[in-house]
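Colleague: give the three-dimensional model of this entry:
(chains A, B, C and D)
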Protein chains: 4
Amino acid sequence: MTGLIPAPHTPFHPDGSLNLEAVALQAELFRECGHETVFAVGSTGEWSSLTLDERRALGERWVEVAGDTLKVVLHVGAYCQADAIGLAAHAREIGATAVSAVAPGYFKPTGIPELVEFYRPIAAAVSPLPFYIYDIPSMTGVSMPMSRVMRAAKPVIPNLAGLKFTNSDFVELQECVRLDGGAYGVLLGFDECYFPGLTLGITGSVGNTYNYSSPIYRRIDAAFAKGDFETARREQLISVDLVKILQEFGFQAASKAIMPMLGVDCGPVRSPIRDLSKAERVALWERLSPLDAFPRPLRKPE
Amino acid sequence: MTGLIPAPHTPFHPDGSLNLEAVALQAELFRECGHETVFAVGSTGEWSSLTLDERRALGERWVEVAGDTLKVVLHVGAYCQADAIGLAAHAREIGATAVSAVAPGYFKPTGIPELVEFYRPIAAAVSPLPFYIYDIPSMTGVSMPMSRVMRAAKPVIPNLAGLKFTNSDFVELQECVRLDGGAYGVLLGFDECYFPGLTLGITGSVGNTYNYSSPIYRRIDAAFAKGDFETARREQLISVDLVKILQEFGFQAASKAIMPMLGVDCGPVRSPIRDLSKAERVALWERLSPLDAFPRPLRKPE
Amino acid sequence: MTGLIPAPHTPFHPDGSLNLEAVALQAELFRECGHETVFAVGSTGEWSSLTLDERRALGERWVEVAGDTLKVVLHVGAYCQADAIGLAAHAREIGATAVSAVAPGYFKPTGIPELVEFYRPIAAAVSPLPFYIYDIPSMTGVSMPMSRVMRAAKPVIPNLAGLKFTNSDFVELQECVRLDGGAYGVLLGFDECYFPGLTLGITGSVGNTYNYSSPIYRRIDAAFAKGDFETARREQLISVDLVKILQEFGFQAASKAIMPMLGVDCGPVRSPIRDLSKAERVALWERLSPLDAFPRPLRKPE
Amino acid sequence: MTGLIPAPHTPFHPDGSLNLEAVALQAELFRECGHETVFAVGSTGEWSSLTLDERRALGERWVEVAGDTLKVVLHVGAYCQADAIGLAAHAREIGATAVSAVAPGYFKPTGIPELVEFYRPIAAAVSPLPFYIYDIPSMTGVSMPMSRVMRAAKPVIPNLAGLKFTNSDFVELQECVRLDGGAYGVLLGFDECYFPGLTLGITGSVGNTYNYSSPIYRRIDAAFAKGDFETARREQLISVDLVKILQEFGFQAASKAIMPMLGVDCGPVRSPIRDLSKAERVALWERLSPLDAFPRPLRKPE
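Modeller: Numbers count the residues shown, from 1 in each chain, chains lettered A, B, ... in the order given. I've put the predicted structure just below:
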C-alpha cells in the first residue's frame, strides 16, 4: 500500500443513480497513470451519500474491475458501528485488499479508548486483512493525536496496518512515521503537501487529485529521488494552484467535473454538494487548461 | 406539537440488541408525566448508532404503543439523503404525526440553498405531514442562521411546520419565534434554558431530561403562568444542577442510566458512547437522589 | 451599579486625536436618558487603541464631568499586568466609583488560578473600591466558566463586587446570578438579550446600544415590571433589528456613527476598525430612521 | 536575515523587574551557537507583559550588546497603533536592523485592507529599515492568508521585506515563498517543522528553541545540505520530543527555565504565565538531560 493511491469518485448516471459501468473507465485511466492501488468509497467517493446497498455494489464492482492489476482498499466506515462491521465483513468476503474506516462524528468519542473500542470490532470483522484508521478531522470533527490512537489500538487490533492521515498536523505526522521504527503505513491525504510529506517519510499518499493529475506527483517523485528540490517545489506549486482553482468552484463538485474532461464521465454529485452549472464547467476548463497537470488532453465541456 | 416533549432513549437488551418491549414502559411513564407528544429516534435515541431496519422497527413500535394517547414525531434524518427520504416515506406510511431531520454533517452544505435542497425531497416524502427542521450544530457542525433557512425553505417545503432548535443562540431564537407573525413551531432543545425560552415565546420544547425530570419543568410552567419568576428561576437551577451532574458522568450514558432508577430499564448505550460502570451508576444515584426532580422515587442501582 | 449602564464611545477629533470636550455632551445625553452610571474606556471606548496617557486623561474627564450626577466605572484592563495595576491605582486616585478589567488575551491564562492571579494585584490597587471582572471571550479568546472564576477569586480579592458578562452562555449566567445567594453584581453585556437576562435575574446591564437607544430598554423594563411579556418581546426585537443593521455596516463604526445623528459627535474610529464612508452614513441613517429606538430625532448626516 | 534566529527571553530579576545585565549573557551564548541575528521583544520575550518603557530599554540594550556581531530585529507590535508607531520610530533611532509587528488581536481587522492599513504607518515609521509582518494567529486570533496580505501590503509598504510565519499552514507557506519569484524573506516560526520548512524553501527561521537547542538545527542544516533525509528526520524528531516535554510543563515557562541550566539566568516569567516550581525545574532537567540537544551541559537546578 505505497505510492500514489487515487480515491476514485463514485460514478452516477445523469439521474443520480449508481453507474457501475463507469468504474472500468476509471480503472483504465488509473492503470494508464501507473497507479497500483485504489482507495474506494471514501470521501471523494461520497460514501456518506450512498446507501449501504450502493456501497456494497460499488465495492464488488471495484474488486471485479481491479482483477490482478489493482489493489483495492475499501472504506467501510459508518457512524453506525453495526453498519461499519457489516461493510467490513462484506469487504473481506469479496476479496478487498484492505479496509479503512473514519471515526464516528455525530456522537464523538470522548477519548482515545472510546475511539479504539469503536474500531475494534470493525477491524476484527476483516481480520486478517489489513486495517487502516482514517483520520479526517475536518469532516468528522473528531480530532485526536493519531500517534497515541495508534499506540492504544495496537494491542487490541492485531491487523492494524497504518492510517490514512488527512490532517495538516505535521508534528503528529512525524510521530506516526516513527511509530515502532516505521512499522506502520502512513498514507498522507493532503495532496498540496505531498512533497513535504515525502521528506518526512510518508509511505504513500491517498488523494483526490491523483484521479486526474498524477503527472504532477510523478514528477515530484522523480525530482525527490534525485534530490532536486527546486523542481519538486515548483511541481508542488502546480498542485497548490490546481487545488485553489477547484476550491473556488467548490472542491468536490469541481474535482468530479474534471473527469469527463479526461473522457471518464462520473456524472453529477449528490446533495448536499451542489453541482457545477454548464457555464461553471466551461469556466473551470478554461482555468485548468493552462496547467501542466493532466495525463490526457482536457476536453472542453459540451 | 406544544409543551414538553420528551426525546426517548432507544432501549437495548443487555447484549446491545434493540429491545422493543421496553417502549411500552417508556410510554407509560410519559403518560404518567402528562406528556402528550414524543420525539423519537433523535439524538437521545442514538439515531446515528442504529441501522435503518432498527429505526423503522422502533418507529413502528412507537406509533403502535402511542395509540390515541401520544403524538409521535419521528426523526428521519440521515447524512445519506436517500436514506432520509426512505425513512420519511416509512414514517408517513406507519402513521407518525410529524417528522424532523438533521442537517448532513459529513459533507456540509456550503450555503442555505444547499441545505434547503437537501431537505426538500425529504419533506416531500412525508407531505402532507408536518416537517420540522432539526438544528443541532454541536453535533452536525452545520451552523446556519435558522430564521434565514426557514425563510428560504418556506416556498419549496409547503409542509414546513417549524424547527427543533438545539442551539444556544437566543438572538436567532427570537427571530424564529417572530417569523411570519409566529406561524412556526419553535421547539427549544436546551433544557437548562427552558425558562428563558418560555419568556421569549417558544411554542414547545423537546428535551432529553423530560424523560425523567418533567416535574421541574411543570413547576416552571406553573410559576411562569403566575408571573412568579423567583420560583421559575429557582426551579430552572435544579435543571442546571441536574445537567451538570450528568455531564460529569458523560451526559448521554448518565441520562440513560437514570431510566432503570425509575423502573424503565433502557439498557446500555452503544459505541462510541461509553457506558457507566456499576460503581458510577451508584455514584450517580447518590448525586441525583437529593434533587427534587423526578416523577418517581429513584431506585438504587443493584 | 444597577440598571442600564452605557459604555460610552471615546470621542476623537476629525484628525483622530482625543476630544475631551465631547465627553460633556455624552454625559448630557446620558442624564437625559435617565442613566445613573457609565462604564468608560471599555470595548465600545476602544480601550485597546488608546495610549495609557489617553486612558488616564479620559478617565479624569469622565470623573470630572460626572460630578454628583453619574457614577463612573472605569475599565482598567490591559494585557500587561503592570499597566493595568497603574491604571487601577489612577482610577482610585481620581475618584472613580468602581473598576473592571478584561482577561489577558495574548498569553492566555491556562487555568482559573492563573487568571485569578492576574487579577489579584489589579483589584488590590483599587481597594476598597469595588472590582468587577470583565468577561468577553469573543474579544480576548479567554473562555472560562465565570461562576468558578468568581468562586476562586473571592478569597483573594476582598473587593470583588461582580462581573460584566459579555457572553451568550445563559447557563453560566444563571450560575453567576445565584452565587452566594445573589451576592454579586451580574452586569449582562448582551443588549439583544436584555429581556431574557432580566428574567434570569441580572442586576444590571452594560451595553453599547444604551448610548443611543435606551428608550427600547426602558420600555422593556416597564413591560417586565408589569409582567407584559408580549410587549417586552416586541421591544427586544427592535433591539435585535438595530444590532443586525449595525452589524451589516460594521458594528463598532456604525454604532459610533449614530452619535452625531443625536447631536453628540464622537468623531472617527481608530484602526484597525474601518470608518463608515459618507454614503454609508446616509444609508445607515435611512435604515435606522424607521426604528422607534432613539431618545432624540435622528439628524441626517451632512 | 537568514538562518536560525533565536527569539530571546526577556530577563527579569527574581523580583520580576527587568534585568538588562543578563542580555550580555544571552548574546554571548548566541555567538557561541553561531547565531548572527536575534529577534527581540517578541512572543518568547513576553512583549505583551512589558511596559513601553521596558520595551524601549530592552531594545536599546540589545542594540548595544549586539555591536557589530549580531543583527537585531525588534518586535514593535502593539494592539494600540500609536504605541506601535512610537516603538517603531524608537527602533529606527537606536539603530535596529529591522522591525516586525503582530496584528491587532482585540479589535481584529475584518479584512485584508484593514490589516494593511494598521501596518502602513508602523512600517512608515521605520522606513527605510526593513519591515516584517508577524503572523501568529494562535496568539492574536487574526487568521488571514498571508500571501494575499503580502500582495496587498506591497504597494503601500515600500520597505516590506518579508514575514515571520508562526503558522502551521504549509500551503500558504509555499505561496509566500514563491511571491514575486522569492523576493521576500519567509521566516518560519515553527521549530518542530524546521526541516520540512527547509525543503519548501524558507529563507530563515525565528524560534524559541534556538535559544537553547541550536545544535539540533545545525545538524539538520548539515544533513539537508548533503541530501541526507534520514538524519534530518531523526534530528527533527529530537526537536519534536523537546517541544512536547516543554509543553507538558507549560511551554513558555519551561523554555525560560532551561536558560539557567545553560548558565544564563533569565529569571521568572510574568503573569498570566505561571512559573515552574523548584520540583518542576528538577523534573524538567531530568527529562531534558538525555536529549542530545544543547550547546552546553545542562546544570541541575539548585
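Colleague: pLDDT at the closest residue to chain C within chain A, what is it?
Modeller: Using Cβ to the nearest Cβ, the single residue of chain A nearest to chain C is A:Ser143, 17.7 Å away. (C-beta placed from N, C-alpha, C; glycine too.) Per-residue pLDDT puts A:Ser143 at 98.
Colleague: surely it and A:Leu115 touch.
Modeller: No - applying Cβ atoms under 8 Å as the test, A:Ser143 and A:Leu115 come out as separate, 10.9 Å apart.
Colleague: which of these two has more neighbours?
Modeller: A:Leu115 (22 against 14; other Cβ atoms under 10 Å in any protein chain shown).
Colleague: check contacts around the more buried one.
Modeller: A:Ala103, A:Pro109, A:Val142, A:Met144, A:Val149, B:Pro272 (Cβ atoms under 8 Å, 6 or more residues apart in numbering or on different chains).
Colleague: from memory the third one sits against A:Gly105, does it?
Modeller: Yes - using Cβ under 8 Å, A:Val142 is in contact with A:Gly105, at 5.7 Å.
Colleague: among the two, which residue is more densely surrounded?
Modeller: Between A:Val142 and A:Gly105, A:Gly105 has the larger neighbour count (other Cβ under 10 Å), namely 24 against 18.
Colleague: and chain A, which of its residues are near chain D?
Modeller: Residues of chain A lying close to chain D (Cβ under 8 Å from any Cβ of the partner chain) are A:168-171, A:174-175, A:177-178, A:192-193, A:195-196, A:199-201, A:227, A:229, A:232-233, A:236-237, A:240, A:243.
Colleague: let's see it at 10 Å
Modeller: Within reach of chain D by Cβ under 10 Å from any Cβ of the partner chain, chain A has these residues: A:168-175, A:177-178, A:190, A:192-193, A:195-201, A:224, A:226-230, A:232-234, A:236-237, A:239-241, A:243-244.
Colleague: any buried residues in stretch A:108-128, and which?
Modeller: Buried residues in stretch A:108-128, counted by 16 or more other Cβ atoms under 10 Å in any protein chain shown: A:108-109, A:112, A:114-120, A:122-126.
Colleague: which parts of the stretch 1-150 of chain A are helices?
Modeller: A:22-32, A:52-66, A:81-94, A:112-126, A:137-140, A:146-153 (DSSP state H, counting those that start in this stretch).
Colleague: redo those helices as TSV? Include mean pLDDT.
Modeller: Output for the helices of the stretch 1-150 of chain A, formatted as TSV (pLDDT from 0 to 100):
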stretch	mean pLDDT
helix A:22-32	98
helix A:52-66	98
helix A:81-94	98
helix A:112-126	98
helix A:137-140	98
helix A:146-153	98
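Colleague: residues in contact with the residue in the stretch 201-302 of chain A positioned nearest to chain B?
Modeller: Using Cβ to the nearest Cβ, the single residue of the stretch 201-302 of chain A nearest to chain B is A:Pro272, 4.2 Å away. Contacts for A:Pro272 (Cβ atoms under 10 Å, 6 or more residues apart in numbering or on different chains) come out as A:48-49, B:79, B:81, B:103-111, B:113-119, B:142.
Colleague: shared neighbours, A:Val142 and A:Gly105?
Modeller: Common neighbours of A:Val142 and A:Gly105 (Cβ under 10 Å, 6+ apart) are A:Ile136, B:Pro272.
Colleague: ok, A:Val171 to D:Phe170 distance?
Modeller: 12 Å (Cβ to Cβ, to the nearest Å).
Colleague: more neighbours, these two?
Modeller: Just comparing A:Val171 and D:Phe170: by other Cβ under 10 Å the higher neighbour count belongs to D:Phe170, 24 against 18.
Colleague: what residues are up against the residue lying closest to that one once chain neighbours are set aside?
Modeller: Among residues not flanking D:Phe170 along the chain, A:Cys193 sits closest, at 5.0 Å (Cβ to Cβ, 6 or more residues apart in numbering or on different chains). Residues in contact with A:Cys193 (Cβ under 10 Å, 6+ apart) are A:168, A:170, A:173, A:200, A:202, A:205, A:236, A:239-240, D:169-171, D:173-174, D:196, D:200.
Colleague: by contact count, what packs against the strand or helix carrying A:Asp241?
Modeller: Assigned by DSSP states H and E, A:Asp241 belongs to helix A:229-249. Here helix A:229-249 touches helix A:194-199, helix A:214-226, helix A:251-261, helix A:278-288, helix D:170-178, helix D:194-199, going by 3 or more Cβ pairs under 10 Å, 6 or more residues apart in numbering or on different chains; DSSP states H and E.
Colleague: give me the buried positions along that helix.
Modeller: A:229, A:231-233, A:235-243, A:245-246, A:249.
Colleague: tell me which parts of chain A are close to chain C?
Modeller: Counting by Cβ under 10 Å from any Cβ, no residue of chain A is near chain C.
Colleague: that older thread, tell me what angle the helix holding A:Asp241 forms with helix D:170-178.
Modeller: For helix A:229-249 against helix D:170-178, the angle between stretch directions is 120 degrees (axes from the mean of the first three to the mean of the last three Cα atoms, to 10 degrees).
Colleague: what's the average pLDDT for helix A:229-249?
Modeller: Rounded mean pLDDT across helix A:229-249 is 97.
Colleague: residues from the stretch 51-200 of chain A in reach of chain B?
Modeller: A:51-55, A:77-83, A:86, A:102-111, A:113-122, A:136, A:138-142.
Colleague: count of residues packed around A:Ala153?
Modeller: Using other Cβ under 10 Å: A:Ala153 sits among 21 other residues.
Colleague: surely it touches A:Tyr119?
Modeller: Yes - using Cβ atoms under 10 Å, A:Ala153 makes contact with A:Tyr119 at a distance of 6.4 Å.
Colleague: list residues touching both of those two?
Modeller: A:Phe131, A:Ile133, A:Leu160.
Colleague: buried subset of those?
Modeller: Judged by 16+ other Cβ under 10 Å, buried ones among these: A:Phe131, A:Ile133, A:Leu160.
Colleague: so what's the last one bridging to?
Modeller: Partner residues in beta bridges with A:Leu160, using DSSP bridges, are A:Phe131.
Colleague: I'd guessed it sits against A:Phe131; true?
Modeller: Yes - counting by Cβ under 10 Å, A:Leu160 touches A:Phe131, with 5.7 Å between them.
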